[in-house]
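**Q** I would like the atomic coordinates for the input below:
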Amino acid sequence: MRMSYKLNKLNPYIPGEQPYKKMIKLNTNENPYPPTPKINNLLKNFNYYYLRLYPDPTTINLRKTIAKIYNIKYEQIFIGNGSDEVLALAFMTFFCQKLPVIMPTITYSFYPVYCKLYNIKYKTIPLKTNFEINLNKMNIPNGGIIFANPNTPTGHAISYIDITNFLDIHKEYVVLIDEAYINFGSESAIPLIKKYKNLLIVNTLSKAYSLAGIRIGFAIGSTYLIKGLEKVKNSFNSYPIDIISELIAIEAIKDIKYLKKNCNYIIYIRDKLSNQLTNFGFTVLPSKANFILVKPINISAKEMFDKLRKHGILIRYFNNMNNYIRISIGTIQQMNYLIETIKYILK
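**A** Here you go, the predicted model:
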């Protein structure tokens with residue numbers, strides 16, 4: 001049986017391992033703490049009678065909730081089934097151009113997958129020697145630009161002023177900034193959408209909001225960009241968000257106090273872990289995300305990955321990262337066990 005010729009060219013995204021046995025998961029950047037407890041009451045009181053109905057295709061209540069938080073119009077917000085779907089629809093909507101879309105060489109590995117799926121031309125720009133995104137090298141003819149801020153898997157963040165200066169140069173095609181990890185110590189570029197109509201910001205509830213299990217992502221931009229996304233979405237799936245997920249998302253987004261408390265504690269644990277590993281002699285890149293990128297000493301990254309796995313700890317190893325490993329930030333107890341295990345391995 002013949003399938004589409006595109007299958008031969010696809011190298012699909014490979015998600016982090018989801019173990020069947022009990023292990024400490026520090027490989028997929030999930031939040032180690034639960035979402036706001038207000039969700040528990042919501043689920044207890046939910047009337048299952050409403051599950052017979054289709055969800056609201058406009059997700060108007062969720063969009064209005066997000067709009068209130070960011071002081072923008074709800075028409076400037078797009079909702080998708082996780083930020084991966086939002087990104088996929090954005091690539092289809094904006095980046096099918098004659099010129100290539102520009103992205104860093106090392107970044108979220110789903111970006112080139114979308115390009116190959118939609119036959120989008122793309123060009124990758126090498127990072128600086130310190131693993132920072134090189135915005136200057138992106139100042140070339142293009143059909144759009146995408147980068148994550150903070151970047152993954154490096155954790156490096158670009159300053160607000162540098163993004164502003166960059167947008168002053170690039171006004172013709174869409175500049176998409178993936179802010180999945182923005183709540184862990186960086187400044188969002190969302191205020192800039194008022195000035196730059198070609199700027200699209202994508203975020204997720206999977207990381208800071210502890211809601212990876214319900215798959216909610218959103219984009220913020222000019223009404224012109226959002227209408228484009230809606231047109232493509234409604235040509236694919238008019239009902240991407242189920243009723244319960246929208247209600248959960250609304251409760252999580254409204255609880256700003258819980259969000260800040262959760263993120264601040266993860267930042268504290270991240271910085272503590274970075275200092276501990278630096279004291280071991282490891283190279284630890286500065287991070288503004290809920291993970292750190294680390295180069296071990298006296299042991300290869302692959303060997304450290306394998307030995308930690310034997311001790312019940314899952315981290316992320318990348319073949320193209322020059323002997324670095326990525327460690328997601330877990331609970332303080334998990335980080336203490338990680339440190340003790342690394343000490344044992346290094347003996």
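
**Q** quick one: stretch 51-65 to chain centroid distance?
**A** 23 Å (Cα atoms, centre = their mean, to the nearest Å).

**Q** pLDDT on that stretch, on average?
**A** Averaging pLDDT along stretch 51-65 yields 98.

**Q** which sections of the stretch 1-150 of the chain are below the confidence cut-off?
**A** Scanning the stretch 1-150 of the chain for pLDDT under 70 picks out the ranges 20.

**Q** Alpha carbons of stretch 281-288, in PDB - could you do that?
**A** Extracted C-alpha coordinates of stretch 281-288, given in PDB (Å, rounded to 0.1, in the frame of the first residue of the first chain):
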ATOM      1  CA  GLY A 281      33.500  21.500  38.500                       C
ATOM      2  CA  PHE A 282      30.600  21.100  36.000                       C
ATOM      3  CA  THR A 283      30.000  23.700  33.400                       C
ATOM      4  CA  VAL A 284      26.400  25.100  34.000                       C
ATOM      5  CA  LEU A 285      25.000  27.500  31.500                       C
ATOM      6  CA  PRO A 286      23.000  30.500  32.900                       C
ATOM      7  CA  SER A 287      19.300  29.600  32.700                       C
ATOM      8  CA  LYS A 288      16.100  31.500  32.800                       C
END
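
**Q** contact partners of that stretch?
**A** Identification of contacts with stretch 281-288 by Cβ atoms under 8 Å, 6 or more residues apart in numbering yields 130-131, 150, 154-157, 181, 184-186, 270, 274, 277-278, 292-298, 324. For glycine as for every other residue, the C-beta is placed from the backbone atoms N, C-alpha and C.

**Q** What mean pLDDT does that stretch get?
**A** Computed over stretch 281-288, the average pLDDT equals 98.

**Q** List buried residues within the contacts of stretch 281-288.
**A** 131, 150, 154-157, 181, 184-186, 270, 274, 277, 292-296, 324 (16 or more other Cβ atoms under 10 Å).

**Q** Mind checking which of the residues you listed are in helices?
**A** Judged by DSSP state H, the subset of the buried ones among the contacts of stretch 281-288 located in helices is 270, 274, 277.

**Q** Settle this for me: the last one is touching I297, isn't it.
**A** Right, L277. No. In this structure, L277 is not within contact of I297 by Cβ atoms under 8 Å, at 9.5 Å.
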